[in-house]
Structure formats: C-alpha cells, structure tokens
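S.K.: need a 3D model of the following:
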Amino acid sequence: MLDLNQHIASGNLKQIDETHLSVELSEGKLSDSKPCFVCDESGEEYVIISSKILKNLLESMKKAQEERFAISLEKDIANLMPLDFEDVLSVAKSKLTELNLDISQVNTLELIKEIKKEHPNLFFNLDDYLRK
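M.R.: This next block holds a predicted model:
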C-alpha cells in the first residue's frame, strides 16, 4: 500500500490554455508508487496518482465494503436468533448469488427477515418454546 512517510513530490500546476496544463515540481519526482501534490494558481490543491495507486486504493475500498457488509450480515443473522448460524449464513450467501445484486444495494436485515419467512425452521421460535 501507500507509505505516506516516504518523501512525496509536490509542485505547482499552471493552466497554459484550455487543453494544456503545466506541472512544475518543487520537491521530489513523479513516481508510480507515490502521489504528487500540486497547487494551481488559485491555491486549489490536486493530487496526481498513478493507475497502480488508484487500483490499490479501489481494491482496498472494495475489500472494506465487503468486510462491512459481512459484519452487518452476521449481526443481523445473530439478532434474529438462528438455530444454526452457519446454515442461515449459507442460505443468505446462496440467495445473494441467486439475486446477483451489488452488496451496496442489499439491506441485510430485510434479507435475513425474508430468509426467516421462507425458512422458519432455521430460526428459534420463542412462541413455540413458551407454549411447550
């Protein structure tokens, strides 16, 4: 990943015309493994990064989103009192594959509630327990 303790390039950005910019580095050099921070004539700051850094950044964001989704899914499963957590998780994963949705579009609580309606035998039923 990106080590921000490394010496980072910086400089100035100048608009030459409508389609051309000039970058003048005041410190460091352009690198595919480090960002380059530049300021334009009005003081607005920009960052120039390589596609390698961008790809790593996007992969890290995707992984964080997937981890957050998994934690949310597990929490919602646990809150609805499954008899066998792994069975419910397996059904949820199958349903997600079947629906082919982006995880950002999935409400994990609604998904687990739907699974509970379709497969009530996978969840503890307090009413049945109290009747016995």
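S.K.: what's the closest non-adjacent residue to residue 9?
M.R.: residue 28 (3.3 Å; Cβ to Cβ, 6 or more residues apart in numbering). For glycine as for every other residue, the C-beta is placed from the backbone atoms N, C-alpha and C.
S.K.: for residue 106, that is, sorry about that
M.R.: Excluding the flanking residues, the one nearest residue 106 by Cβ to Cβ, 6+ apart is residue 96, at 6.8 Å.
S.K.: so which helix or strand takes in that neighbour?
M.R.: In this assignment (DSSP states H and E), residue 96 forms part of helix 85-99.
S.K.: following element in sequence after that helix, please.
M.R.: helix 108-118.
S.K.: quick one on the thing from earlier: hang on, the residue nearest to residue 9 packs against residue 35?
M.R.: No - taking contacts as Cβ atoms under 8 Å, residue 28 lies outside contact range of residue 35: 10.2 Å.
S.K.: sorry, back to before: and the gap between the residue nearest to residue 106 and residue 25?
M.R.: From residue 96 across to residue 25, the span is 47 Å (Cβ to Cβ, to the nearest Å).
S.K.: coming back round to it: what touches both of residue 28 and residue 35?
M.R.: 8-9 (Cβ atoms under 8 Å, 6 or more residues apart in numbering).
S.K.: which of the two has more residues huddled nearby?
M.R.: Neighbour count, other Cβ atoms under 10 Å: between residue 28 and residue 35, residue 35 has more, with 19 against 15.
S.K.: go ahead and confirm the more buried one touches residue 47.
M.R.: Yes - using Cβ under 8 Å, residue 35 is in contact with residue 47, at 5.0 Å.
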